[in-house]
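# just to be clear, the model below is a prediction. Sequence and coordinates:
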Amino acid sequence: MRLTILGGGGFRVPLVYGALLADRGAGRVTEVVLHDVDDRRLHAVARVLAEQAADVADAPRVTTTTDLDEALRGADFVFSAIRVGGLQGRADDERVALAEGVLGQETVGAGGIAYGLRTVPVAVDIARRVARLAPEAWVINFTNPAGLVTEAMSRHLGDRVIGICDSPVGLGRRVARVLGVRPEDAWIDYVGLNHLGWLRGLRVEGRDELPRLLADPGLLGSFEEGRLFGADWLQSLGAIPNEYLHYYYFNREAVRAYQEAEQTRGAFLREQQARFYDEARRTDASVLGAWERTRAEREATYMAENRETAGAGEREAEDLSGGYEKVALALMRAVARDERTTLILNVRNRGTLSVLDDDAVVEVPCLVDANGAHPVAAAPLPGHATGLVCAVKAVEREVLAAAGSGSRATAVKAFALHPLVDSVQVARRLVDGYTAVHPGLGYLA
């Protein structure tokens, strides 16, 4: 089975390959094609993968290419993890937004809109190429903003594109852990959009264990989301929010923390990863160790400003191991081998949330089999969550419209309607600022 990874020179690709190395079942991936526009990064990542596979019999064969069409032909699965504009683009997204006093995070608020505006045209081109060159392939999208990009691609690939994210998996794992439950034994009632969802229940043998957690301030304070949001707020919500909702519920504090930080997250990762890729180019020695050290630092500093604002302390060791690669592997196994499973995925709504139309991509539990991912019916959202979900989905639709039409006015509308921007004048300045630093937004007129 052939897996093509778009963004194959990306820093986290070795996580995916490591998961593949551990899969010894029939019908496993036997060939991995790495595609990237940066040959230097491809070479560095290929070296890491070669070291990972050194002592593994029958490890998946790895090839690299900068030719997109060549990468797609013959693919059974296409894993999309591209970053249009690179980490410099992410740093610019953060800087322009913070100068206007609004959030620049890569998936939430102004930064997410800017990232989406320059990513959607590229993702749509990929979707069209997949439909033409590998019509039987399944596309697994990890490109951010994951829900928005998955919806853009679904207009050309239908249900053959499925978005993944590790945030709901990590949240469910942490809640299960503090409740003394094995995650694989629990049904996790999670619903929303990507980076905008809530865990509303955790059922074991028909019994919902979440009320026990919500009633116990000590337990609530024993895991990351409890410390991040505070026990009182979680009890008020009656649910455990995805960590990215901290940007909404504590927006002023988050913006101030990012403005006062020595450097933004994008700038930190840009410099950190540049050191790794430079080292990989300069030395003939092992690069796997350098990659592992860099990844450990990356994971330990994740959402550091938010945790500092909340007094949440350091991340726990159990939360430093990633997770999206496990979701990707489980998804591929379920589809390729008909190993039926349940995963929280980004898929077309199909009536799951009554407040959204059928084609809106949502993040919900899905039953997965050889025919793809099928969203499970969900109870209605409470009013406060409905308002946020509908508002953000409306913004996503404006981003898709702007990307499709090239309309600057529609792009301004997308920024202005977002709950974390809430100013037409700021929206206009944001569009001016982003088009000035991103050549990829030159299509807006």
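All right, it came through fine. Numbers count the residues shown, from 1 in each chain.
# who's in contact with the spatially most central residue of the chain?
Taking C-alpha atoms, centre = their mean, the centroid of the chain lies closest to C165, which sits 4.5 Å from it. Neighbouring residues of C165 by C-beta atoms under 8 Å, 6 or more residues apart in numbering: 142, 146, 194-195, 324, 327, 344, 346, 363. Where you see a C-beta, it was placed from the backbone N, CA and C, and this is true even at glycine.
# which phi and psi does it have?
For C165, the backbone dihedrals are phi -150, psi 150 (criterion: degrees, to the nearest 10).
# on that earlier part again, rank the contacts of C165 by pLDDT and give me only the lowest.
Among these, Y324 has the lowest pLDDT, at 84.
# tally of neighbours for that residue?
Counted with other C-beta atoms under 10 Å, the neighbours of Y324 add up to 21.
# and if you look at R12?
16.
# can you check L21 too?
19.
# what of A296?
When counting by other C-beta under 10 Å, one arrives at 11 neighbours for A296.
# now do I82
23.
# do you know how far the residue nearest to it when sequence neighbours are not counted is from L345?
Spatial nearest neighbour of I82, chain neighbours left out: G7 (4.1 Å); criterion: C-beta to C-beta, 6 or more residues apart in numbering. Distance, G7 to L345, using C-beta to C-beta, to the nearest Å: 19 Å.
# so the two - more neighbours on which side?
L345 (26 against 23).
# contacting residues around that one?
Contact partners of L345, counting by C-beta under 8 Å, 6+ apart, are 162-164, 327, 331, 363-364, 366, 368, 373.
# check A81 too.
Counting by C-beta under 8 Å, 6+ apart, A81 has contacts 5-7, 10, 12-13, 142-143.
# could you redo the last one with a cut-off of 10 Å?
5-8, 10-13, 16, 36, 140-144, 146, 164, 324, 328 (C-beta atoms under 10 Å, 6 or more residues apart in numbering).
# quick check on Y190: phi, psi?
The phi/psi pair for Y190 (degrees, to the nearest 10) is phi -130, psi 140.
# tally of neighbours for it?
Y190: 25 neighbours (other C-beta under 10 Å).
# what about stretch 99-119, start to end distance?
Taking C-alpha to C-alpha, to the nearest Å, stretch 99-119 runs 22 Å from one end to the other.
# what mean pLDDT does that stretch get?
On average, stretch 99-119 scores 96.
# check stretch 347-356 too.
The model assigns stretch 347-356 a mean pLDDT of 97.
# mind listing the strands for the stretch 101-250 of the chain?
Remark: strands assigned in the stretch 101-250 of the chain by DSSP state E, counting those that start in this stretch are 138-141, 161-163, 187-193, 196-204, 207-208, 240-241.
# so which of those is the most surrounded?
Stretch with highest mean neighbour count among the strands of the stretch 101-250 of the chain: strand 161-163 (a mean of 28; mean count of other C-beta atoms under 10 Å).
# what does the domain assignment say about this structure?
The chain resolves into domains spanning 2-165, 251-318 when parsed by automatic domain parsing.
# give me the low-pLDDT residue ranges for the stretch 101-250 of the chain?
Of all residues in the stretch 101-250 of the chain, none has pLDDT under 70.
# need the helices for it, in chain order.
Along the stretch 101-250 of the chain, the stretches classed as helices by DSSP state H, counting those that start in this stretch are 109-133, 146-157, 167-178, 210-214, 217-220, 224-229, 231-237, 246-249.
# most packed of those helices?
Mean neighbour counts for the helices of the stretch 101-250 of the chain (mean count of other C-beta under 10 Å) peak at helix 146-157, with a mean of 26.
# chain center to that one: distance?
Relative to the chain's own centre, helix 146-157 is displaced by 13 Å; criterion: C-alpha atoms, centre = their mean, to the nearest Å.
# from the contact counts, what lies against it?
With contacts taken as 3 or more C-beta pairs under 10 Å, 6 or more residues apart in numbering; DSSP states H and E, helix 146-157 sits against strand 77-80, helix 109-133, strand 138-141, strand 161-163, strand 187-193, strand 341-348, strand 361-369, helix 383-405.
# and with 7 Å instead?
helix 109-133, strand 138-141, strand 161-163, strand 341-348, strand 361-369, helix 383-405 (3 or more C-beta pairs under 7 Å, 6 or more residues apart in numbering; DSSP states H and E).
# touching that helix from outside, list them.
116, 119-120, 123-124, 127-128, 130-131, 139, 141, 143, 161, 163, 165, 193-194, 346, 348, 360-361, 363, 396, 399-400 (C-beta atoms under 7 Å, 6 or more residues apart in numbering).
# hmm, try it at 6 Å
116, 119-120, 123-124, 127-128, 131, 139, 141, 143, 161, 163, 165, 193-194, 346, 348, 361, 396, 400 (C-beta atoms under 6 Å, 6 or more residues apart in numbering).
# and A134, how far from A19?
For A134 relative to A19 (C-beta to C-beta), the value is 22 Å.
# okay, those two: which has more neighbours?
In terms of neighbours (other C-beta under 10 Å), A134 is the more surrounded of A134 and A19; the figures are 22 against 19.
# in this structure the more buried one contacts E70, no?
No. Counting by C-beta atoms under 6 Å, A134 stays clear of E70, with 11.4 Å between them.
# which of the helices and strands packed on helix 146-157 sits closest to V32?
Closest to V32 of these, according to C-beta to C-beta: strand 138-141, at 13.3 Å.
# could you give the number of residues near the closest residue to P121 other than its chain neighbours?
Distances taken as C-beta to C-beta, 6+ apart place A403 nearest to P121, at 5.5 Å, with adjacent residues excluded. Look at A403: counted by other C-beta under 10 Å, it has 26 neighbours.
# rewinding a little: the helices and strands packed on helix 146-157 into TSV, with extra columns for distance to Q88?
Output for those, formatted as TSV (distance: least, C-beta to C-beta, whole Å):
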stretch	distance to Q88
helix 109-133	12
strand 138-141	23
strand 161-163	25
strand 341-348	27
strand 361-369	28
helix 383-405	21
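# G89 is nearest to which of these?
Using C-beta to C-beta, the helices and strands packed on helix 146-157 put helix 109-133 closest to G89, at 7.1 Å.
# report the distance from that closest one to the chain centre.
Per C-alpha atoms, centre = their mean, the centroid offset for helix 109-133 relative to its chain is 14 Å.
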